[in-house]
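Student: no sequence for this one, just the structure:
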């Protein structure tokens with residue numbers, strides 16, 4: 001319906017682009033096809049990224065512009081889905097195969113990026129956020145720099161180096177921590193695998209009911225070893241996306257090999273998401289000094305499909321308590337725009353492991369992995385500051401640290417946990433000045 005509405009106001013031949021669909025919520029739970037889009041907008045090329053960003057949905061016209069046919073081979077680290085009877089592409093592209101369409105689009109200009117950052121910053125302030133760790137590329141960095149130079153950057157940014165730019169960063173001499181309290185380089189951002197919803201998270205054993213599907217290794221183990229070693233020797237921490245238990249193990253193996261070789265022993269490597277771990281790998285994060293960069297709200301969104309696709313292995317899924325008890329550092333976030341950047345929803349998920357409607361019940365999903373409110377807040381604040389190497393200047397309300405804070409409508413440490421969802425941000429302070437105040441304050 002949204003595509004049809006967009007087609008009515010967009011000249012024929014122009015792109016319709018969007019993001020956010022989730023087939024697991026639809027009747028039947030099957031992936032959509034190009035034919036679904038062709039029926040409502042046959043005159044427009046259409047490209048819609050899945051909610052997780054690890055799969056895309058194109059119509060026939062878009063596939064034609066990208067040159068994708070039944071004979072197009074799967075790129076390394078990606079997959080083109082095909083119709084079983086005809087062999088023609090279905091319109092679903094996974095992981096690196098999405099680049100075949102995405103590469104048709106230009107990056108935003110500096111002014112466009114800066115304008116978008118301003119809008120995003122206003123929305124973040126309303127949620128009490130004063131800093132983000134972003135995984136975007138050059139266009140965003142240009143926008144951040146422009147705003148900083150103009151004195152208009154009102155968000156503390158830790159930005160990462162995309163894998164494609166690692167060699168350039170090394171040759172330039174950039175290291176983790178370069179920058180200041182407003183704009184700072186974090187580390188290398190790379191992908192080990194895909195995502196649960198796209199069924200591309202790389203697993204040790206196949207998906208339930210799909211004996212031939214182990215997911216997709218976006219980066220093979222050998223490549224991960226080379227990547228972490230190369231970055232570490234240059235003083236650049238590795239922030240690697242890993243969701244499946246096999247990809248998490250291979251990232252840990254790569255870090256272990258680098259540590260043993262004596263490369264960058266002080267670097268704070270991170271696994272982004274750490275969604276499911278084999279029990280043998282849970283203690284390894286603490287042992288290797290790898291930060292678990294996780295998003296509690298994912299667990300509540302994923303619990304049904306995780307049960308369907310991972311079965312009993314979910315005992316090691318979203319294992320916040322187990323990781324914390326093993327000595328790992330937790331750094332919580334939202335993965336926005338994949339999930340809502342509302343921190344209260346994240347804290348609620350971490351503490352209750354329940355959805356807003358109360359499901360799956362009073363004890364929550366895999367209740368032994370719940371955290372206390374204090375532990376959850378720590379992961380969102382001090383844990384995140386440690387992950388960026390900035391615990392000396394932010395992360396706690398302490399004398400001498402940056403005057404960034406959020407004022408909440410109620411004391412989340414003393415209320416009934418389900419009521420955390422009703423908490424609102426009354427005001428947000430950035431660098432000693434209020435940048436957001438709710439109406440009527």
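Tutor: Perfect, I can see it now. Keep in mind that what you see is a predicted model, and the values were worked out from it rather than measured.
Student: what's the span of stretch 333-350, first residue to last?
Tutor: End-to-end span of stretch 333-350 (C-alpha to C-alpha, to the nearest Å): 11 Å.
Student: quick one: buried residues of that stretch?
Tutor: Under the neighbour-count criterion of 16 or more other C-beta atoms under 10 Å, stretch 333-350 has 333-336, 338-339, 341-350 buried. (Glycine included, C-beta is placed from N, CA and C.)
Student: now that stretch: mean pLDDT?
Tutor: Here stretch 333-350 scores 95 as its mean pLDDT.
Student: same question for stretch 237-248.
Tutor: 98.
Student: and if you look at stretch 191-210?
Tutor: The model assigns stretch 191-210 a mean pLDDT of 95.
Student: do the same with stretch 96-115
Tutor: Summarised as a single mean, pLDDT over stretch 96-115 is 93.
Student: now the spatially most central residue of the chain, nearest residue through space, not along the chain?
Tutor: Nearest residue to the geometric centre of the chain (C-alpha atoms, centre = their mean): residue 335, 3.7 Å. In this structure, residue 335 finds its nearest non-sequential neighbour in residue 295, 4.5 Å apart by C-beta to C-beta, 6 or more residues apart in numbering.
Student: out of the buried residues of stretch 333-350, list just those in helices.
Tutor: Those of the buried residues of stretch 333-350 mapping onto helices are 343, 344, 345, 346, 347, 348, 349, 350, per DSSP state H.
Student: contacting residues for the first one?
Tutor: Taking C-beta atoms under 8 Å, 6 or more residues apart in numbering as the definition of contact, the neighbours of residue 343 are 127, 128, 129, 334, 380.
Student: is it true that the first one touches residue 423?
Tutor: No - at 11.0 Å, residue 127 does not count as touching residue 423 under the criterion of C-beta atoms under 8 Å.
Student: quick one: residues contacting the closest residue to residue 268 other than its chain neighbours.
Tutor: Nearest non-adjacent residue to residue 268, counting by C-beta to C-beta, 6+ apart: residue 237, 5.4 Å away. Counting by C-beta under 8 Å, 6+ apart, residue 237 touches 176, 186, 187, 188, 231, 264, 267, 268, 269, 270.
Student: pLDDT weak spots in the stretch 251-400 of the chain?
Tutor: Along the stretch 251-400 of the chain, no part satisfies pLDDT under 70.
Student: would you agree the residue nearest to residue 335 is in contact with residue 330?
Tutor: No - the criterion here is C-beta under 8 Å, and residue 295 misses it with residue 330 at 10.8 Å.
Student: these two: who's more crowded?
Tutor: With neighbours defined as other C-beta atoms under 10 Å, residue 295 and residue 330 compare such that residue 330 has more, 27 against 22.
Student: hey, what's the more buried one bridged with?
Tutor: Residue 330 has these beta-bridge partners by DSSP bridges: residue 292.
Student: which residues does it contact?
Tutor: Residue 330 is in contact with 291, 292, 294, 320, 323, 324, 375, 378, 379, 383, counting by C-beta under 8 Å, 6+ apart.
Student: check which helix or strand residue 170 maps to.
Tutor: Using DSSP states H and E, the element containing residue 170 is helix 166-172.
Student: the helix or strand following that helix packs against which elements?
Tutor: As assigned by DSSP H and E, the chain's next helix or strand after helix 166-172 is strand 183-191. Here strand 183-191 touches helix 138-149, strand 156-162, helix 221-233, strand 237-242, going by 3 or more C-beta pairs under 8 Å, 6 or more residues apart in numbering; DSSP states H and E.
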